[in-house]
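Undergrad: Sequence unavailable; structure follows:
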């Protein structure tokens, strides 16, 4: 039996057993990343799609996805890979050097590096670490799109290798995070550490009736501003996906209003998907 210390779930894994995330497994007493070098999604995207609005605007990134996630958001827009294990989703093998070479070959098309995204990339932190070193050798950037629900003693030494990241701050109440299978204090600690060593932008998806009060957004923005008032915040419109079909999409006017509330504390606030 081993205990995975990556995230607050601290899954106790018997030999051959996978964790809740579906991406880590006990193999001969070693916590193995099942998605190391296994790519389910590959695309050349604008940096603004991550979203990153204040990091090399107009540039492109080679976006790379795997499988697995350590949270269980009922509205997940990538459930087809995030809630899957290696036997449930097609993938191709792509070694770190191959990925770095691919990103470099795309430089004439405006590519400045690779973004690890779509599912939860930090479940595969060993692969990201190797890719980041190789990308840096080529003068390229490493970007991370993550839920940030990871222990710093497990992934903190990776953060200085990341040039930019967008962290999902899914709300600002512990009860909401518990419903989604996460832990708010862990995410807050992650954001605080990340913004000290990397360019960080934050996204909050506004779900009607759940995390959409002016009071909650004001508290969230004030906390971010206590770290640094120029952390960009993306207040983003929700659309019903996965198991959230009973919800309505967020009213664009509500998103704009909440973005304006956040501007009371933060310099850079963007209304997304409106």
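TA: Alright, I've got the coordinates. Every value quoted in this text rests on a predicted model; they were computed, and no experiment measured them.

Undergrad: In space, what's closest to the residue most central in space within the chain - neighbours in sequence excluded?
TA: The chain has residue 146 as the residue nearest its centroid, 1.4 Å off, counting by CA atoms, centre = their mean. Excluding its sequence neighbours, the residue lying closest to residue 146 (CB to CB, 6 or more residues apart in numbering) is residue 122, at 5.4 Å. Every residue, glycine included, has its C-beta placed from N, CA and C.

Undergrad: Look at that neighbour and say how many residues are nearby.
TA: Number of residues near residue 122 (other CB atoms under 10 Å) recorded here: 24.

Undergrad: per-residue confidence at it?
TA: pLDDT recorded at residue 122 is 98.

Undergrad: what's the answer for the one 4 residues further on, then?
TA: As summarised for this prediction, residue 126 has a pLDDT of 97.

Undergrad: next one: residue 246
TA: Residue 246 carries a pLDDT value of 89.

Undergrad: Repeat that for residue 19.
TA: 96.

Undergrad: Double-check it against residue 5; I have them as touching.
TA: No - here residue 19 does not reach residue 5: they are 11.0 Å apart, not a contact under CB atoms under 8 Å.

Undergrad: Compare these two and say which one has the larger neighbour count.
TA: The residue with more neighbours, out of residue 19 and residue 5, is residue 19; 23 against 14, by other CB under 10 Å.

Undergrad: Give the phi and psi angles for the more buried one, as a check.
TA: Backbone torsions for residue 19, taken as degrees, to the nearest 10, come to phi -80, psi 180.

Undergrad: just residue 143 next, same as before
TA: Residue 143 adopts backbone torsions of phi -120, psi 150, taken as degrees, to the nearest 10.

Undergrad: Give me the nearest residue to it, chain neighbours excluded.
TA: Here the residue nearest residue 143, using CB to CB, 6+ apart, is residue 115, at 3.9 Å.

Undergrad: Now do the SS call for the one you found.
TA: strand (DSSP: H, G, I helix; E, B strand; the rest coil).

Undergrad: Burial check on it, number of neighbours?
TA: Around residue 115 there are 28 residues (other CB under 10 Å).

Undergrad: Please apply the same query to residue 57.
TA: Considering only other CB under 10 Å, residue 57 is surrounded by 10 other residues.

Undergrad: same deal with residue 96?
TA: The number of residues near residue 96, taken as other CB under 10 Å, comes to 20.

Undergrad: per-residue pLDDT, the residue lying closest to it once chain neighbours are set aside?
TA: Distances taken as CB to CB, 6+ apart place residue 130 nearest to residue 96, at 4.1 Å, with adjacent residues excluded. On pLDDT, residue 130 comes in at 98.

Undergrad: Confirm that residue 130 sits in a strand.
TA: No - judged by three-state DSSP, residue 130 forms no part of a strand; its state is helix.
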